[in-house]
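A.B. asks: Using only what follows, build the 3D model:
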Amino acid sequence: STLDRSSAASDVYKRQRYAKRRKGDHPAPVWRSRAALKRGDEPVGELEPDHDYAFVRRRWANGERILEDDTRRVVKEADVRRFSPSAFEGRDLINDPLPEEGTLAWVVAWPKAAKLDTPHPDAKAAGTLPFQTTVVVDDASVRKRGTVFYPLHDGTGWVEAKAIRRFIPADPPEGISDSAVWVDVEVTQQTLMLMRGTTPIFTTVISSGTGKNPTPLGIYRMESKLALTDMRSRAGDDDAYHVEAVPWAMYFDGRFALHGAYWHNRFGNRVSHGCINLAPKDAKRVFDALDPVLPNGWINVYEHDDARGSLVRVRKGDKTPPDRRREPRRRNAG
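C.D. replies: Numbers count the residues shown, from 1 in each chain. Here you go, the predicted structure:
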């Protein structure tokens, strides 16, 4: 079944413990092994800045918690900052359909958005809307003193446009069959819709590239899927990074991918280096739904002539982006 496609890879992801060196001058020594640390051996190095690490075990040594990587090297947990991957999940539209009236929206203001009694910058708050909750708004926006407001569909107040993200619909690309599962990303409002033909089946918010590192617009096919992969900046990039064990990576245009992000919880805002960040649970949902299918027990799969990748559309507003689909690699005989 779809849910079992990447069960082995899912088990690998669940074993990961993510961390990075603490900010400032705080060192993070690395020992060759747990035994070396217990003996009092000298460290063999230290963790690098601008590097997010994946560890596979959490153990004790000399009365302290330590983290061990897949080569058995260890660091003290007190010397690193652990990541807590986001528990956010999008909306299953099969069991919880889109509203018949109004537009579904997510609150992206941290830690909450104000629910206002009138559409005005000086309006009094009539309540609050917690971060990452969904609301339904009407499309009849009002602009006052340069600020845009949307009315809540239930009539209980107004919310600033910058505090929410709304789905902007667009006609599907030509030639989509009723059974084809594909993904529609809209970068203005930072939303993703998983579609079956013309029917929405899942939706969520994403984090695409910033102004310096924009996500490329276009119509693509999924080129490859990797349940876990390392990602790093290119030589000479101003903003250096190296991220280990990125989960549920789905490459659609060279180095650009949809993937899970365990290092932030700012979904609905542009924060990436060009890729499309998803909360880990959402990335797993999209990963399992799209072709090519990851065979049971495999970690990666590539599209080819006999297994075309699912369509991926990255658009801005309702404008039709350029068609950038390439021919897949040929499967070698033998």
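
A.B. asks: helices and strands around the longest strand along the chain, which ones?
C.D. replies: Across the chain, the longest stretch assigned as strand under DSSP state E is strand 242-253. When contacts are defined as 3 or more CB pairs under 8 Å, 6 or more residues apart in numbering; DSSP states H and E, strand 242-253 packs onto helix 7-14, strand 51-55, strand 218-221, strand 224-232, strand 256-260, helix 280-289, strand 311-315. C-beta coordinates here come from the backbone N, C-alpha and C atoms, glycine included.

A.B. asks: Mind doing that once more with 6 Å?
C.D. replies: If you count contacts as 3 or more CB pairs under 6 Å, 6 or more residues apart in numbering; DSSP states H and E, strand 242-253 packs onto strand 51-55, strand 224-232, strand 256-260, helix 280-289.

A.B. asks: And the following helix or strand past the first one, what's buried?
C.D. replies: Using DSSP states H and E, the next helix or strand after strand 51-55 towards the C-terminus is strand 57-61. The neighbour-count criterion (16 or more other CB atoms under 10 Å) identifies Ala61 as the buried residues of strand 57-61.

A.B. asks: hey, which helix or strand in the chain has the poorest pLDDT?
C.D. replies: Least confident element among the helices and strands of the chain, by mean pLDDT, DSSP states H and E: helix 7-14 (a mean of 63).

A.B. asks: buried stuff in the next helix or strand after that helix?
C.D. replies: Note on helix 7-14: by DSSP H and E, the next helix or strand toward the C-terminus is strand 17-21. Neighbour-count burial for strand 17-21, with 16+ other CB under 10 Å as criterion, is recorded at Arg17, Tyr18, Ala19, Lys20, Arg21.

A.B. asks: ditto for stretch 141-160
C.D. replies: Phe149, Tyr150, Pro151, Leu152, His153, Gly157, Trp158, Val159, Glu160.

A.B. asks: how about stretch 157-171 as PDB, C-alpha atoms only?
C.D. replies: Output in PDB follows, covering the C-alpha atoms of stretch 157-171 (Å, rounded to 0.1, in the frame of the first residue of the first chain):
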ATOM      1  CA  GLY A 157     -13.600  39.600  13.300                       C
ATOM      2  CA  TRP A 158     -10.800  40.500  10.900                       C
ATOM      3  CA  VAL A 159      -7.200  39.400  10.500                       C
ATOM      4  CA  GLU A 160      -4.200  41.200   8.900                       C
ATOM      5  CA  ALA A 161      -3.200  39.600   5.500                       C
ATOM      6  CA  LYS A 162       0.400  39.400   6.500                       C
ATOM      7  CA  ALA A 163      -0.600  37.100   9.500                       C
ATOM      8  CA  ILE A 164      -2.100  34.400   7.300                       C
ATOM      9  CA  ARG A 165      -1.400  32.400   4.200                       C
ATOM     10  CA  ARG A 166      -4.300  31.600   1.800                       C
ATOM     11  CA  PHE A 167      -4.500  29.100  -1.000                       C
ATOM     12  CA  ILE A 168      -4.700  30.800  -4.500                       C
ATOM     13  CA  PRO A 169      -6.400  28.400  -7.000                       C
ATOM     14  CA  ALA A 170      -5.300  28.000 -10.600                       C
ATOM     15  CA  ASP A 171      -6.500  25.800 -13.500                       C
END
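
A.B. asks: picking that back up, not counting the longest strand of the chain itself, show me its contacts.
C.D. replies: Residues outside strand 242-253 that contact it (CB atoms under 6 Å, 6 or more residues apart in numbering) are 13, 16, 51-54, 216, 220, 222-226, 228-232, 257-260, 280, 283-284, 287, 312.

A.B. asks: what lines up beside that strand in the sheet?
C.D. replies: If you go by DSSP bridges, strand 242-253 pairs up with strand 51-55 (parallel), strand 224-232 (antiparallel), strand 256-260 (antiparallel).

A.B. asks: Most tightly packed of those?
C.D. replies: strand 256-260 (a mean of 25; mean count of other CB atoms under 10 Å).

A.B. asks: Report the angle between that strand and strand 311-315.
C.D. replies: For strand 256-260 and strand 311-315, the angle between their directions (axes from the mean of the first three to the mean of the last three CA atoms, to 10 degrees) works out to 100 degrees.

A.B. asks: Give me the contact list for strand 256-260.
C.D. replies: Contacts of strand 256-260 (CB under 6 Å, 6+ apart): Val246, Pro247, Trp248, Ala249, Met250, Tyr251, Gly274, Cys275, Ile276, Leu278, Pro280, Ala283.

A.B. asks: how about TSV for the buried residues of stretch 141-160, with distance to Glu100 added?
C.D. replies: Formatted as TSV, these follow (distance: CB to CB, whole Å):
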residue	distance to Glu100
Phe149	23
Tyr150	18
Pro151	17
Leu152	16
His153	10
Gly157	21
Trp158	22
Val159	20
Glu160	25
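
A.B. asks: Pull the most distant pair out of those residues.
C.D. replies: Farthest pair in the buried residues of stretch 141-160 (CB to CB) is His153 and Glu160. Separation: 16.0 Å.

A.B. asks: For the closest residue to Gly90 other than its chain neighbours, the count of nearby residues, please.
C.D. replies: Distances taken as CB to CB, 6 or more residues apart in numbering place Thr204 nearest to Gly90, at 2.6 Å, with adjacent residues excluded. Using other CB atoms under 10 Å, Thr204 has 24 other residues around it.
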